[in-house]
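> No sequence on hand, only this structure:
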């Protein structure tokens with residue numbers, strides 16, 4: 001049995017992409033390999049979940065133009081410290 005892992009980011013938290021995010025084939029209406037988000041783009045976490053098979057935490061992040069992209073923790077950093085929004 002593995003220990004539960006708490007998400008690093010919360011719903012509503014502003015985040016920054018740490019790298020270019022490309023379509024792995026799961027984003028609709030875009031070809032595989034298409035650039036979805038540029039390094040440095042900002043977004044807001046709109047959902048937190050876990051990959052069914054691996055248990056890896058996945059964040060649904062809304063970037064500009066209502067583009068919601070699934071991201072891993074390593075692809076994001078907080079835009080501001082938690083609790084600093086206001």
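Perfect, thanks for sending it. For clarity, every value in this text was computed on a predicted model and none was experimentally measured.
> Quick one: distance of the biggest strand by length in the chain to the chain centre.
Of all the segments of type strand in the chain, defined by DSSP state E, the longest one is strand 42-50. The chain centre lies 5 Å from the centre of strand 42-50; the measure is C-alpha atoms, centre = their mean, to the nearest Å.
> do the same with stretch 61-80
In terms of C-alpha atoms, centre = their mean, the gap separating the centre of stretch 61-80 from the centre of its chain is 4 Å.
> Tell me the confidence at residue 13?
The model reports residue 13 with a pLDDT of 96.
> That one reaches residue 42, doesn't it?
No - at 11.0 Å, residue 13 and residue 42 do not qualify as touching, with contact defined as C-beta atoms under 8 Å. (C-beta placed from N, C-alpha, C; glycine too.)
> Spit out the residues that contact these two alike.
When contacts are counted by C-beta atoms under 8 Å, 6 or more residues apart in numbering, the set common to residue 13 and residue 42 consists of residue 79.
> Compare those two (neighbour count), which wins?
More neighbours surround residue 13 than the other of residue 13 and residue 42, with 23 against 13 (other C-beta atoms under 10 Å).
> before we move on, what SS does residue 65 have?
Local secondary structure at residue 65 is given as helix here, using DSSP: H, G, I helix; E, B strand; the rest coil.
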